[in-house]
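K.L.:
Based on what follows, work out the 3D shape:
(2 chains)
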Protein chains: 2
Amino acid sequence: MSNAEMLPLREHGTEACCPPLNERPLTAEEAERGAAMFKALGDPVRLRLFSAVASHEGQEACVCDISDVGVSQPTVSHHLKKLKEAGLLSSERRGTWVYYRVEPSVLAAMGALLTGAATA
Amino acid sequence: MSNAEMLPLREHGTEACCPPLNERPLTAEEAERGAAMFKALGDPVRLRLFSAVASHEGQEACVCDISDVGVSQPTVSHHLKKLKEAGLLSSERRGTWVYYRVEPSVLAAMGALLTGAATA
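P.N.:
Numbers count the residues shown, from 1 in each chain, chains lettered A, B, ... in the order given. Okay, the predicted model is just below:
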């Protein structure tokens, strides 16, 4: 299957939360929303799991595909749910398993927050 | 394993910790280093302070420039130090005040982790 076909390309991903970090000071509300996304990747196990999903074929994976991060399957499931709650992954049940996939627009928006501030 | 030995590991706080998140699953060590950077921005007050510095003239500011985030000056100082420890800000004392400035290379590297995973 083609990744390109499956990616929901949203412009700018600005719905993620905030302007580039160097544009102006964030409001309290923007900071709450933005921090929640960064916090989701601010745990080593979650970041490792996220990269396991993102680097898996089709940028999606189920718990059954992830066995080598040194934590139990319930712990894997717990962290994948947290990543979904933060908007970084979406999920779909297929038969026995829930498949998680990367939300490209949210990642792109988070990246833009940072690279905007880095290059200005 | 052998992967970890082959990585071009760079010094803390100056360059990327990790490959784009979709390139391959991160090692435990990479995830530790990467998560520490994301965690630093995973707090609403810190994210707001960071944007206050990043959007200030010259992408630098001292505590004396930041007065409108709703926390005390000691709390501002505390969080700016945390951002410095994470490698996202550097600091320089000038007379009475310590000035903090954005580390563009670190931000760019964090952004690249995310946008790489978003566009592949």
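K.L.:
Just the local confidence number for residue A:11, please.
P.N.:
Predicted confidence (pLDDT) for residue A:11: 37.
K.L.:
So residue A:26, which state does it fall into?
P.N.:
Recorded secondary structure, residue A:26: coil (DSSP: H, G, I helix; E, B strand; the rest coil).
K.L.:
how many other residues sit next to the closest residue to it other than its chain neighbours?
P.N.:
Spatially, and ignoring its direct neighbours in sequence, residue A:26 is nearest to residue B:51 (4.4 Å; Cβ to Cβ, 6 or more residues apart in numbering or on different chains). Quick note: C-beta positions are derived from backbone N, CA and C, even for glycine. Residues contacting residue B:51 under the criterion other Cβ atoms under 10 Å in any protein chain shown number 27.
K.L.:
longest helix anywhere in chain A?
P.N.:
Looking across chain A with DSSP state H, the single longest helix is helix A:104-119.
K.L.:
so residue A:30 sits in a helix?
P.N.:
Yes: assessed with three-state DSSP, residue A:30 lies in a helix.
K.L.:
Touching, it and residue A:21? I think so.
P.N.:
No: between residue A:30 and residue A:21 there is no contact under Cβ atoms under 8 Å: 10.1 Å.
K.L.:
out of these two, which sits in the busier spot?
P.N.:
residue A:21 (29 against 18).
K.L.:
Help me confirm that the more buried one is found in a helix?
P.N.:
No: with three-state DSSP as the criterion, residue A:21 is located in coil rather than a helix.
K.L.:
Quick one: the strands in chain A, in order.
P.N.:
A:60-62, A:89-94, A:97-102 (DSSP state E).
K.L.:
Partner strands of the last one and their direction?
P.N.:
Think strand A:97-102. The partner list of strand A:97-102 in its sheet, established with DSSP bridges, is strand A:60-62 (antiparallel), strand A:89-94 (antiparallel).
K.L.:
Go ahead and confirm the residue nearest to residue A:26 touches residue A:24.
P.N.:
Yes: with contacts counted by Cβ under 8 Å, residue B:51 reaches residue A:24, the gap being 7.4 Å.
K.L.:
Could you pull up the contacting residues of the closest residue to residue A:116 other than its chain neighbours?
P.N.:
Distances taken as Cβ to Cβ, 6+ apart place residue A:20 nearest to residue A:116, at 2.7 Å, with adjacent residues excluded. Listed by Cβ atoms under 8 Å, 6 or more residues apart in numbering or on different chains, the contact set of residue A:20 reads A:112-113, A:115-117, A:120.
K.L.:
Tell me the one among the residues you listed nearest to residue A:47.
P.N.:
residue A:113 (17.1 Å; Cβ to Cβ).
K.L.:
Could you tell me the model confidence score at that closest one?
P.N.:
Taking residue A:113 on its own, its pLDDT is 85.
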